[in-house]
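> Curious how this folds, go ahead:
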Amino acid sequence: RRRGRVVTIAAQVRHRSSCQRGHEKVAHVARAIHALVKSRRCEVLLASDRRRTFAALERALGKTTRCAVHAVKRTSNATQTDQIQIEHGVDALATAAADIGLLSRADHLVGSWGSTFTMLIQSLIANRFLRSLRRGAVAHGEPPVVVYCELDGCLRPLPLIANWHVSLQNYPQIDLWVG
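Numbers count the residues shown, from 1 in each chain. Alright, predicted model coming up:
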């Protein structure tokens, strides 16, 4: 590894309930980011369906992490008016698509267990890594991982280039298949 390399972590924090305001899960996500960063400089590419998550994560990362937090700009005049916006946040349309594009450029992902956004983003990160391997362009050689977080904590990092997958076939039950 080169010294001084900046590691890029995508953080996708999904809140499933309209009663969640944005601070839920943040402490777990910050701990997962710290573990992935391993004292390196980092960039955190953040997307969330709750606007309060952005400031909460910056506070949780604190001054001890050398991480700059980046996000797609949110418009300031959005309000929650209908059930879809209450569940998915006020930035659910074009901003959400831009979030996917931003987060797909990361080296690793800290995501929300069972979130279709997390699954899409991890697929894009893995695909980009494999394409760069085929071109011989991977300078750091660090395979991407995903860390799934929920209200009660996070799973261990799972390699994105491996023989496992998440299934939503029995939704709302979410299954992790290995083998």
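
> which secondary structure elements does the longest helix along the chain contact?
Longest helix in the chain, counting residues (DSSP state H): helix 116-135. On a contact count with 3 or more CB pairs under 8 Å, 6 or more residues apart in numbering; DSSP states H and E, helix 116-135 meets strand 6-13, helix 94-103, strand 108-112, strand 145-150. Backbone N, C-alpha and C define where each C-beta goes, glycine included.

> Just say which of those is most tucked in.
Counting by mean count of other CB atoms under 10 Å, strand 108-112 has the highest mean neighbour count of the helices and strands packed on helix 116-135, with a mean of 27.

> Listing partners with orientation, what would you give for that one?
Sheet pairing for strand 108-112, assigned by DSSP bridges, gives strand 6-13 (parallel), strand 145-150 (parallel).

> Pipe the helices and strands packed on helix 116-135 into TSV and attach mean pLDDT per row.
Output for the helices and strands packed on helix 116-135, formatted as TSV (pLDDT from 0 to 100):
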stretch	mean pLDDT
strand 6-13	94
helix 94-103	88
strand 108-112	96
strand 145-150	94
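
> okay, the ones you listed in a markdown table with distance to residue 166 next?
Formatted as a markdown table, the helices and strands packed on helix 116-135 follow (distance: least, CB to CB, whole Å):
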| stretch | distance to residue 166 |
| --- | --- |
| strand 6-13 | 14 |
| helix 94-103 | 17 |
| strand 108-112 | 10 |
| strand 145-150 | 8 |
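
> on that earlier part again, please tabulate the strands paired with strand 108-112 in a markdown table, including the columns distance to residue 73.
Formatted as a markdown table, the strands paired with strand 108-112 follow (distance: least, CB to CB, whole Å):
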| stretch | distance to residue 73 |
| --- | --- |
| strand 6-13 | 17 |
| strand 145-150 | 25 |
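
> and of the ones you listed, who's closest to residue 50?
strand 6-13 (7.5 Å; CB to CB).

> what residues does that closest one touch?
By CB atoms under 8 Å, 6 or more residues apart in numbering, the residues outside strand 6-13 that reach it are 25-26, 29, 33, 36-37, 40-50, 53, 57, 67, 99, 102-112, 115, 117-118, 121, 125, 142, 149.

> quick one: low-confidence parts of this protein?
Along the chain, segments meeting pLDDT under 70 span 1-4, 16-23, 63-65, 76-93, 137-141, 179.

> if we can go back for a sec, which of the contacts of strand 6-13 count as buried?
Burial by neighbour count, judged by 16 or more other CB atoms under 10 Å, picks out 25-26, 29, 33, 36-37, 42-50, 53, 57, 67, 99, 102-104, 106-112, 115, 117-118, 121, 125, 149 from the contacts of strand 6-13.

> Alright, that wraps it up for me.
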